[in-house]
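Student: could you look at this predicted model? Sequence included:
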Amino acid sequence: MSARLLLFTGKGGVGKTTLAAATATALAAGGRKALVVSTDPAHSLGDALGVPLSGHVGEVEGGLHAAQIDPRALVDHAWRDLRGHLRTVLAGAGVDELDAEELTVLPGIEELLALSEVQRLAGSGPWDVVVVDCGPTAETLRLLALPEAFASYLERLFPTHRRVVRGLLAGVAGSGAVEKWDATADALGRLAEDLEHLRGLLTSPTTTVRLVLTPERVVAAETRRTVTALALQGIRVDGVVANRVVPDPGADRGPAADWLRTRRAEQDAVLAELADLGSVSTVAHRAAEPVGPAALLDLAEGLYQGRDPLDGVAADEPLLSVERTGEQEYALRIALPIGDSSLDLARVGDDLAVTVDGRRRLIALPSLLRRCLVTGAELDDTGLAVRFAPDPDLWMR
């Protein structure tokens, strides 16, 4: 049985690390085997737990385990051999040594290996749940999109049909280069399989993202865009947590009470605007920073109020569904909370390119719709509906 994976992210400085640590502490206190790991370059998880952390899993207290992933160390260890293979093949094919060096420096490899390490840790222990303290929102979105993007990159640079590549190398650099290519292709094949497993892990029903925000309009706007971006990738959001909600001063008078009343009214207005994202949990602003398991457990009790920390509100409906709307008319429904986001659609071969606020996703069309033309699109409460009708030139083929 695979571990439940719960990822925390949010705009930098909103308290996601503290809430991730508090959630993991509460899970361990409730009897679950819990591991909390951080992929955040800020390395603040250990500060929240009040203990030093390393890349190796260690017990914090009462069954709670933790680790801090160091992507640079992973690059030095895991990527070095494969990169060396690629450099050798490119040089053997006549690519200048300096160019070969640059071509094998792949953007995002550190983040990709960090995600792979999360997967390894999740599958290498007796964990019921793995809580991940991710980096700030923008970095996390890039991180979660990497397996699909990287797999696409590999397929374009080193296609699955490697006979063509072997023939090219044999003609250019001789049989020795072919042997080196075979070794490299085998390593790339294993990497492609790992990427496929990563994509499966991220889109699994046992993996969800919990978004942390502070009740401010700029932060709330980024949170709403993040919900859409994650939905576009088929990754489930199971909850939104508003941190640092100031107390209501009630009928108190004075400058401090007036400030609190004004600030609380602003926060309540922001939270009301997020109502369409579902129930938003709140955490009161505390005078003292919670550090250590005892303080984190107290924070978690205020957040979850007796509920299971794993009980989220992730939607069960699939990202994509096709329905027949007429005798020869079809609609592809994409469950995206578009809201006020900018939307662009384009047909790219057998794919539908959906771009929301500058983030693009190629959605492979079902075989039925590949023989159709896009005739229109509408937004409604369920998301985006794209209309299709048969292409006369392809329909009977």
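Tutor: Sure, I can see it. Numbers count the residues shown, from 1 in each chain.

Student: excluding its backbone neighbours, what's nearest residue 220?
Tutor: residue 270 (5.1 Å; C-beta to C-beta, 6 or more residues apart in numbering). (C-beta placed from N, C-alpha, C; glycine too.)

Student: sec struct for the one you found, please.
Tutor: Three-state call for residue 270 (DSSP: H, G, I helix; E, B strand; the rest coil): helix.

Student: adjust the sequence numbering to begin at 771 for everything that follows.
Tutor: Fine by me, first position is 771 from now on; the one you just mentioned is residue 1040.

Student: neighbours of it, just the number please.
Tutor: Per other C-beta atoms under 10 Å, the neighbour tally for residue 1040 reads 19.

Student: quick check: residue 793 touching residue 776?
Tutor: Yes: using C-beta atoms under 8 Å, residue 793 is in contact with residue 776, at 7.1 Å.

Student: now do the shared contacts for the two.
Tutor: Here residue 793 and residue 776 have 901, 980 as joint contacts, going by C-beta atoms under 8 Å, 6 or more residues apart in numbering.

Student: ok so, going back, now do the contacts for the residue nearest to residue 990.
Tutor: Contact analysis of residue 1040 by C-beta under 8 Å, 6+ apart lists 985-987, 990.

Student: cool, and residue 1054?
Tutor: 1014-1017, 1072.

Student: from what I can see residue 971 touches residue 889, true?
Tutor: Yes: using C-beta under 8 Å, residue 971 is in contact with residue 889, at 5.6 Å.

Student: and the strands in the stretch 921-1070 of the chain, which stretches?
Tutor: 977-983, 1006-1015, 1050-1054 (DSSP state E, counting those that start in this stretch).

Student: right, and those - which one's nearest residue 798?
Tutor: The closest of the strands of the stretch 921-1070 of the chain to residue 798 is strand 977-983. By C-beta to C-beta, the value is 17.1 Å.

Student: which residues sit against that closest one?
Tutor: Taking C-beta under 8 Å, 6+ apart as the rule, strand 977-983 contacts 774-781, 784-786, 789, 793, 907, 914, 971, 989-990, 992-993, 996-997, 1000, 1005-1013, 1082, 1084.

Student: could you rerun that using 6 Å?
Tutor: Residues outside strand 977-983 that contact it (C-beta atoms under 6 Å, 6 or more residues apart in numbering) are 775-778, 780, 784, 786, 789, 989, 993, 1000, 1006-1013, 1082, 1084.

Student: can you flag the buried ones in these?
Tutor: By neighbour count, with 16 or more other C-beta atoms under 10 Å, these hold 775-778, 780, 784, 786, 789, 989, 993, 1000, 1006-1013, 1082 as buried.

Student: give me the phi and psi for residue 810.
Tutor: Dihedral angles of residue 810 (phi, psi; degrees, to the nearest 10) stand at phi -80, psi 120.

Student: what do you get for the one 3 residues further on?
Tutor: Residue 813 has phi and psi values of phi 50, psi 50 when expressed as degrees, to the nearest 10.

Student: for it, give its distance to residue 804.
Tutor: Residue 813 sits 20 Å away from residue 804, taking C-beta to C-beta, to the nearest Å as the criterion.

Student: more neighbours: those two, which one.
Tutor: residue 804 (28 against 13).

Student: please name the bridge partners of the more buried one.
Tutor: residue 834, residue 899 (DSSP bridges).

Student: so it sits against residue 899, correct?
Tutor: Yes: here residue 804 reaches residue 899: they are 5.3 Å apart, a contact under C-beta atoms under 6 Å.

Student: got any residues that touch both of those two?
Tutor: Joint contacts of residue 804 and residue 899 (C-beta under 6 Å, 6+ apart) are residue 797.

Student: neighbouring contacts of stretch 1146-1162?
Tutor: The contact list for stretch 1146-1162 (C-beta under 6 Å, 6+ apart) reads 1098-1106, 1108, 1115, 1139, 1141-1143, 1145.

Student: buried ones in that stretch, by neighbour count?
Tutor: 1147, 1153-1160.

Student: again with stretch 829-838
Tutor: Buried residues in stretch 829-838 (16+ other C-beta under 10 Å): 830-831, 834-838.

Student: where do the domain boundaries of the protein fall?
Tutor: The chain breaks down into these domains under automatic domain parsing: 771-1086, 1090-1160.
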